[in-house]
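Student: pasting a predicted model and its sequence here:
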Amino acid sequence: MSEQERMKALEERLKSARERAEPEASGNGDHYAMGNVAWRMVVELVAGIVIGFGIGMGLDSLLGTTPIFLITFILFGLAAGINVMMRTAKEVREKQALAKETQAADEETNDG
């Protein structure tokens, strides 16, 4: 076997090894990306509740009322946090669908 043939065989083996390893690497990145999205959603929910708590507490102390505004604005904050979480989930879903479409198009291009 000549030197050139050995080099070509080695390059082909390296190329196939890289192709096999690629999905594993992207899978780990997706795992961490999903963890980041989960933390983002938790922070959005907690931020909505905390902001609602602050507004309600401030209004109750200014107006000298019972904790009616506190309860009301905590519920508004919870609703706002859930709304933002739902938008984030929709955004992630759309990105995943786009990635799947892109991957399918790439596979068709490579096959054809």
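Tutor: Looks like it came in fine.
Student: could you pull up phi and psi at residue 47?
Tutor: With angles defined as degrees, to the nearest 10, residue 47 sits at phi -60, psi -40.
Student: contact partners for the nearest residue to it once chain neighbours are set aside?
Tutor: Excluding its sequence neighbours, the residue lying closest to residue 47 (CB to CB, 6 or more residues apart in numbering) is residue 81, at 6.7 Å. Heads up, the C-betas are built off the backbone N, CA and C, glycines and all. With contact taken as CB atoms under 8 Å, 6 or more residues apart in numbering, residue 81 is in contact with 44, 45, 46, 47, 48, 49.
Student: now, the most widely separated pair of the residues you listed?
Tutor: Between any two of the contacts of residue 81, the greatest separation by CB to CB is 10.0 Å, found for 44 and 49.
Student: residue 83 versus the most centrally placed residue in the chain, what's the distance?
Tutor: For the chain, the residue sitting closest to the mean C-alpha position, by CA atoms, centre = their mean, is residue 37 at 3.5 Å. Plainly put, residue 37 is 16 Å away from residue 83 if you go by CB to CB, to the nearest Å.
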